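*Asks:* need a structure here:
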Amino acid sequence: MFMQMTHIQIVAFYGALQLVLATMILLSVMVARVKSRVSIGDGGDENLIKAMRVQANFVENVPMVMIGLVLLGLLQVSVYTLHGFGALFFISRLPHFLGMGLGVFPPGRNLGSALNQLTLVATIIALFSAIFL
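*Replies:* Prediction:
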């Protein structure tokens, strides 16, 4: 089923997974705001600051890689390449959220960040390869 998807369906699938994760992160910020009774800013609350930082990190990183996936799809790279990068990137976001956002997997922040950067660099290399080779 996954290998019969079109390029745009593959990108949309991984985009949808990122939106699910974005919603979970948003909910964690909302819960932290309610618990800290802070509606604007962070009020110096450590848990709220952490939740906001997880959300900011997501917003800083996800658009760049998703744009890269869209471009790879438009360049008609292998569906295996698209699935590989899409899956690796989604997987990279999970430990970051579990580690920093929920605090249930302490090494998750570093692991997720490393996988995130690996995916970004690999996407850049794949783009240049698809353009020039």
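
*Asks:* helices and strands around the strand or helix carrying I25, which ones?
*Replies:* Counting by DSSP states H and E, the element that carries I25 is helix 7-36. Where contact means 3 or more CB pairs under 8 Å, 6 or more residues apart in numbering; DSSP states H and E, helix 7-36 is packed against helix 46-74, helix 79-96. Just so you know, the C-beta spots here come from the backbone N, C-alpha and C atoms, and that holds for glycine as well.

*Asks:* okay if I get those as a markdown table plus mean neighbour count and distance to S39?
*Replies:* Shown next, in a markdown table, are the helices and strands packed on helix 7-36 (neighbours: other CB atoms under 10 Å; distance: least, CB to CB, whole Å):
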| stretch | mean neighbour count | distance to S39 |
| --- | --- | --- |
| helix 46-74 | 17 | 11 |
| helix 79-96 | 20 | 26 |
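
*Asks:* can I get the ones you listed in TSV including distance to Q117?
*Replies:* Formatted as TSV, the helices and strands packed on helix 7-36 follow (distance: least, CB to CB, whole Å):
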stretch	distance to Q117
helix 46-74	9
helix 79-96	9
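
*Asks:* now for these, which one comes closest to A22?
*Replies:* In terms of CB to CB, the element of the helices and strands packed on helix 7-36 nearest to A22 is helix 46-74, at 6.3 Å.

*Asks:* report the mean per-residue pLDDT for the closest one.
*Replies:* Across helix 46-74, pLDDT averages out at 95.

*Asks:* rewinding a little: out of the helices and strands packed on helix 7-36, which comes closest to Q4?
*Replies:* Proximity to Q4, assessed across the helices and strands packed on helix 7-36 by CB to CB, is greatest for helix 79-96 (8.5 Å).

*Asks:* separation between L88 and M30?
*Replies:* 29 Å (CB to CB, to the nearest Å).

*Asks:* again with K50
*Replies:* For K50 relative to M30 (CB to CB), the value is 14 Å.

*Asks:* L127 too?
*Replies:* 36 Å.

*Asks:* what about these two, which has more around it?
*Replies:* Neighbours around L127 and M30, counted as other CB atoms under 10 Å, are more numerous at L127. The numbers are 17 against 11.

*Asks:* in which helix or strand would I find that one?
*Replies:* Applying DSSP H and E as the criterion places L127 in helix 108-132.
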